[in-house]
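> Mind folding the following:
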Amino acid sequence: LPFVFAASSCNNNSESTTTTSTDEKKDSMNITQDQVGYPDDSASLTGFVSYNANVEGKRPVVLVVHEWWGLTDYPKKRAMQLAEMGYLAMAVDIYGDGKKAEDVAQASALSSTFYSNPQLANSRIEAALAKIKTYPQADTTKIAAIGYCFGGGILLNYAKLGGNMNGIVSFHGSLAGVQPKKELLKSKILVCHGGADPFVPENDVNAFKKSMDSINADYTFKVYPGASHAFTNPEATAMGQKFKIPIAYNAAADSASWKDMKEFFSKIFQ
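Next up, the predicted model:
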């Protein structure tokens, strides 16, 4: 969830688990997910690295940045989906020290630290990037990141502050953040935005587009009509009901935005 709502309303050992698909079309897949520890100056971080162990050679890298709830099972599942597509993917830990939110108040408190200090968030992203680059499967010339809600907003700030990747994708992320500077922006950007997102008002959309257009930024802005906040997460509707917040899953928008991400990757990883 974006900071607008929040204001108002990992050691170096690794563990590996393997999931082999039973789908006949995926007989050649052996999707492995490694739990990895990696250091940052101010926290112990733990991430989850996914890849197809039956395929040799280097492949593009994709980081997955979590929602404001923290590193739950959802970004881990997305990393495994990316591994099935042929990428080396890592669900990254922004909060550190195993922190996850149990309710809205905790999520607000945890996320606000990184909204107000984007350089700290960037440090956590760079730590994850350094870790994933140590994998022999990593093609370090082809790197992207995707983020959900909080993660999307954090990645947009990362890009605007000079983060050097081929591209980043924000799914229903906050658009209010640091102002872009032409000399710093190196990454291509895809924004996947819900047309009925109550936490990212039209004023934020217009201001974001205006700021990006002012520096001739290379970005694409996709809107999915009727989609609310957190539209990609199948658990969003239940979470919204539990915490009485207007978030909901939208299968059509989820499918369409994932397709748009695939097309974006096909362009930036040429």
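
> buried ones in stretch 36-55?
Neighbour-count burial for stretch 36-55, counted by 16 or more other Cβ atoms under 10 Å, picks out 36-38, 40, 43, 45-52. The way it works is simple: take the backbone N, C-alpha and C, and place the C-beta from them, glycine included.

> The residues you listed in strands, which ones?
36-38, 40, 43, 45-52 (DSSP state E).

> how about the strands of the stretch 151-270 of the chain, start to end?
Per DSSP state E, counting those that start in this stretch, the stretch 151-270 of the chain has strands spanning 167-171, 188-194, 219-224. These are given in chain order.

> hey, which of these is tucked in deepest?
Using mean count of other Cβ atoms under 10 Å, the stretch among the strands of the stretch 151-270 of the chain with the greatest mean number of neighbours is strand 167-171 (a mean of 28).

> Pairing partners for that strand, with directions?
In the sheet, strand 167-171 lines up against strand 138-148 (parallel), strand 188-194 (parallel) (DSSP bridges).

> if we can go back for a sec, closest one to Leu185 out of the buried residues of stretch 36-55, please.
Distance to Leu185 across those (Cβ to Cβ) is lowest for Asp40, with 24.2 Å.

> nearest to Val104, of the buried residues of stretch 36-55?
Taking Cβ to Cβ as the measure, Ala43 is the one of the buried residues of stretch 36-55 closest to Val104, at 22.6 Å.

> thinking again about what came up before, please render the strands paired with strand 167-171 as JSON lines that adds distance to Met165 to the earlier fields.
What follows is these, written out as JSON lines (distance: least, Cβ to Cβ, whole Å):
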{"stretch": "strand 138-148", "distance to Met165": "5"}
{"stretch": "strand 188-194", "distance to Met165": "9"}
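
> any chance of these in TSV, with distance to Phe269 and mean pLDDT too?
As requested, these are arranged in TSV below (distance: least, Cβ to Cβ, whole Å; pLDDT from 0 to 100):
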stretch	distance to Phe269	mean pLDDT
strand 138-148	5	98
strand 188-194	11	98
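
> what's the closest of these to Ile215?
In terms of Cβ to Cβ, the element of these nearest to Ile215 is strand 188-194, at 11.7 Å.

> relative to strand 219-224, how tilted is that closest one?
Between the axis of strand 188-194 and that of strand 219-224 there is an angle of 20 degrees, by axes from the mean of the first three to the mean of the last three Cα atoms, to 10 degrees.

> quick check, distance from strand 188-194 to the centre of its chain.
The gap between where strand 188-194 is centred and where its chain is centred comes out at 11 Å by Cα atoms, centre = their mean, to the nearest Å.

> can you list the residues that contact it?
Residues outside strand 188-194 that contact it (Cβ atoms under 8 Å, 6 or more residues apart in numbering): 152, 156, 159, 166-173, 175, 200, 205, 208, 212, 217-224, 226-229, 231-232, 250, 253, 257, 260-261, 264, 267-268.

> Swap in 7 Å and give it another go.
Taking contacts as Cβ atoms under 7 Å, 6 or more residues apart in numbering, the residues outside strand 188-194 that touch it are 159, 166-172, 200, 205, 217-224, 227-229, 231, 253, 257, 260-261, 264, 268.
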